[in-house]
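A.B. asks: got a structure for you, letters missing:
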Ligand SMILES: Nc1ncnc2c1ncn2[C@@H]1O[C@H](COP(=O)(O)OP(=O)(O)OP(=O)(O)O)[C@@H](O)[C@H]1O
């Protein structure tokens, strides 16, 4: 019996849109402080899965429990509380271009946490910028930052509300290989420093290998392969799983 704490527990999850069966019996666990990589072709249902996790969509059948609570059974207040514990780091960093880095970080904090003093806000922002290795960027505008720096600030902004779960959407998309490596290290450092449990959605197998404790490959509405990188990829027999590996390593 596996004794590790499950922060997310998905069983037999199904979701269709009209004739399109997107999720067809998904089973998946995310353990506390685990980095779980989710791979799947475009349109395979990764976003639908995340939307069900945060209550933006409702499943047709099956169970999605987060922190032991059935998400579909939560009322609005409970759902809001859950969402504050789940940080979503968007692919494009989603920074406000007209705000400085400080203002970008301050905005979600003051909107969601009442009665903070100026000193507390400043300390939190400075601690987070230090955590992502960019303390000197506090007064810069997003347009003055590189792609990798924007990703770091995006991660800091997601962390500002102290989430227990981090969802990274294509964290290395559009970055050069060296910066990809830096972002992968950041994902590992964030887990170490903030004790987060994470789902990393990526097509980048180097990112998957470096950041993930386990890989889960979504194929035809189900997770067909779940395990460590070594268990899932180099020896894959399923042609579709193999194609991820071949594509990444033949084209890199
Ligand atoms: N609200 C919706 N109504 C109808 N169809 C939807 C809806 N949301 C998603 N779909 C369909 O479900 C399928 C899965 O979409 P989803 O966005 O989860 O894919 P994805 O794996 O996240 O893809 P990508 O890697 O391109 O982001 C797609 O065919 C999409 O068109």
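C.D. replies: Received the coordinates, thanks. Everything numeric in this text was worked out from a predicted model, so none of it was measured.
A.B. asks: make it CA atoms for all contacts and neighbour counts henceforth
C.D. replies: Fine.
A.B. asks: residues in contact with the residue nearest to the spatial centre of the chain?
C.D. replies: The centroid of the chain falls nearest to residue 167 when counting by Cα atoms, centre = their mean (1.6 Å). For residue 167, the contact set (Cα atoms under 8 Å, 6 or more residues apart in numbering) comprises 86-89, 198-201.
A.B. asks: looking at those, which gets the smallest pLDDT?
C.D. replies: Among the contacts of residue 167, residue 89 has the lowest pLDDT, at 81.
A.B. asks: element containing the closest residue to that one other than its chain neighbours, please.
C.D. replies: Using Cα to Cα, 6 or more residues apart in numbering and skipping residues adjacent in sequence, the residue nearest residue 89 is residue 168, 4.9 Å away. Assigned by DSSP states H and E, residue 168 belongs to strand 165-169.
A.B. asks: that strand pairs with which strands?
C.D. replies: Strand 165-169 has the following strand partners under DSSP bridges: strand 86-89 (parallel), strand 197-201 (parallel).
A.B. asks: show me the one of these that comes nearest the ligand.
C.D. replies: When the strands paired with strand 165-169 are compared by Cα to the nearest ligand atom, strand 197-201 sits nearest the ligand, at 8.4 Å.
A.B. asks: so how far is that closest one off the chain centroid?
C.D. replies: 4 Å (Cα atoms, centre = their mean, to the nearest Å).
A.B. asks: could you do stretch 139-156 as well?
C.D. replies: 18 Å.
A.B. asks: re earlier: the strand holding residue 168 and the ligand in contact?
C.D. replies: No - legend: contact between strand 165-169 and the ligand by Cα under 6 Å from any ligand atom is lacking; minimum distance shown is 8.7 Å.
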